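Asks: Sequence unavailable; structure follows:
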């Protein structure tokens, strides 16, 4: 066993505002890393999209969550001054500020330790579809694959 | 000195909604890891409980914090559609979404570097008591204990 | 190449409530660490100041963000009981609870992978200026500098 640091970039195409599950893609990076015991860090390189870990079983949870964020930081609030890119510009930054730019998940026996009902989601805050870049960094004890 | 990766699971019994301090249990894992300089990651394997680092001295801070989250994401809001497990189901996911699934704390001289007034808390969002699983992963330079 | 763990403390003087960009100071720690591929963790040792990654180009985004947090967790709300240090005491803890105590950013080719528009900010929540301590921990594959 030796210490492995493995890094990949993923580009995720979103369909506009809402959650896109990326658990499968990150799981595949962990498998390619060869890490047995360690950590997986997922980093979102944007300020109008973010990450969170949520219920992955029932789509009603995601719908309610997106609707709640729309009430928390509404589009087009006349108090916003940062409006260059439109009514959804500033609320996108606000929603990103209270969710995560990175998530860190331990790896055990070569797999993410996330709970049965946990999914890792990219949260697109803009109303238009975007290509979003995530950096996945996995490190720990393992066998570097050839 | 060599590179150590040390991982343990903790099960925390909560008493229903509110904060349970886990700083002591995590400090004990760091001590058992033998890591001198590195990082401790604490990961919560649930979507209706989460983590945060807060004032550990005055219980009034925790009370006000829990009360504020109850106003931010109220129980029983008629706009929720994800209500299978009751009035506290969806607000639990919402409160988890704006707090943390994981916290990362540097380790120096074999100890967490957290500030004097900082405690690490498990935040139970459901009204009923639950057993909650945390994965603690500590890595860095140290002496692996035999 | 060998595994490096490098840790430094930074003291940031804030000018009272608002955002102070610390990307430059953290970038300098990464350079001093000699890490080529790895992770940079920044940890804030306080409960009334926190971290977040936000738009770094347009000051209107920071102004709107600070104003939104003032609406989300207002100063002097009569429902607060934790008021020993004044009207801005409890809202500081609340604002810290929904932003970050730590941020983790991957390092590639010796540099932070943050996006073009991302800045790392220390968010001072108290109205008075404070000296705030950040612990920066960088680890990964690299050449330890002599």
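Replies: Looks like it came in fine. What you are looking at is a predicted structure, and each value in this text was computed from that prediction instead of being measured.
Asks: now residue A:36, what's its secondary structure?
Replies: Under DSSP: H, G, I helix; E, B strand; the rest coil, the three-state class of residue A:36 is strand.
Asks: which of the residues in stretch A:31-42 are buried?
Replies: By neighbour count on 16 or more other CB atoms under 10 Å in any protein chain shown, the buried set for stretch A:31-42 is A:33, A:34, A:35, A:36, A:37, A:38, A:39, A:40, A:41, A:42. (Glycine included, C-beta is placed from N, CA and C.)
Asks: how near is whichever residue of chain A sits closest to chain B to residue C:66?
Replies: Taking CB to the nearest CB, chain B has its nearest neighbour within chain A at residue A:115, 3.5 Å off. Counting by CB to CB, to the nearest Å, the gap from residue A:115 to residue C:66 is 35 Å.
Asks: and the residue of chain A closest to chain B, how many neighbours does it have?
Replies: By other CB atoms under 10 Å in any protein chain shown, 18 other residues sit near residue A:115.
Asks: residues of the biggest helix by length in chain A that come out buried?
Replies: The longest helix of chain A (DSSP state H) is helix A:59-72. The neighbour-count check on helix A:59-72 (16+ other CB under 10 Å) flags A:60, A:61, A:62, A:64, A:65, A:66, A:68, A:69, A:72 as buried.
Asks: now that helix and helix B:59-72, what's the angle there?
Replies: Per axes from the mean of the first three to the mean of the last three CA atoms, to 10 degrees, the angle that helix A:59-72 makes with helix B:59-72 is 100 degrees.
Asks: Quickly check: helix A:59-72 near chain B or not.
Replies: Yes - applying CB under 8 Å from any CB of the partner chain, one finds helix A:59-72 touching chain B at A:60, A:61, A:63, A:64, A:65, A:67, A:68, A:72.
Asks: other SSEs contacting that helix?
Replies: strand A:18-21, strand A:49-55, helix A:89-97, helix B:89-97 (3 or more CB pairs under 8 Å, 6 or more residues apart in numbering or on different chains; DSSP states H and E).
Asks: Any idea which of these gets closest to residue B:136?
Replies: strand A:49-55 (17.0 Å; CB to CB).
Asks: and the closest one, what's its mean pLDDT?
Replies: Mean per-residue pLDDT for strand A:49-55: 97.
Asks: picking up where we left off before, out of the buried residues of helix A:59-72, the closest to chain C would be?
Replies: Among the buried residues of helix A:59-72, and counting by CB to the nearest CB, the member closest to chain C is residue A:72, at 7.8 Å.
Asks: Could I get the contacting residues of that closest one?
Replies: A:94, A:95, A:98, B:72, C:72 (CB atoms under 8 Å, 6 or more residues apart in numbering or on different chains).
Asks: Would you mind measuring from the second one to residue A:105?
Replies: For residue A:95, the distance to residue A:105 under the criterion CB to CB works out to 22 Å.
Asks: Those two: who's more crowded?
Replies: The neighbour comparison of residue A:95 against residue A:105 (other CB under 10 Å) goes to residue A:105, with 27 against 23.
Asks: Just to check, residue A:120 is in contact with residue A:19?
Replies: No - using CB atoms under 8 Å as the test, residue A:120 is too far from residue A:19 to be in contact (10.0 Å).
Asks: so what sits against both of the two?
Replies: Common neighbours of residue A:120 and residue A:19 (CB under 8 Å, 6+ apart) are residue A:52.
Asks: Looking at these two, which is more packed in?
Replies: Ranked by neighbour count (other CB under 10 Å), residue A:120 and residue A:19 place residue A:120 first, with 25 against 20.
Asks: would you say the more buried one is within a strand?
Replies: Yes - Residue A:120: assigned to a strand according to three-state DSSP.
Asks: Give me the neighbour count for the closest residue to it other than its chain neighbours.
Replies: Excluding the flanking residues, the one nearest residue A:120 by CB to CB, 6 or more residues apart in numbering or on different chains is residue A:23, at 4.8 Å. Residue A:23 has 17 neighbours, counted by other CB under 10 Å.
Asks: Residue A:117 is in contact with residue A:23, correct?
Replies: No - counting by CB under 8 Å, residue A:117 is not a contact partner of residue A:23; they are 11.4 Å apart.
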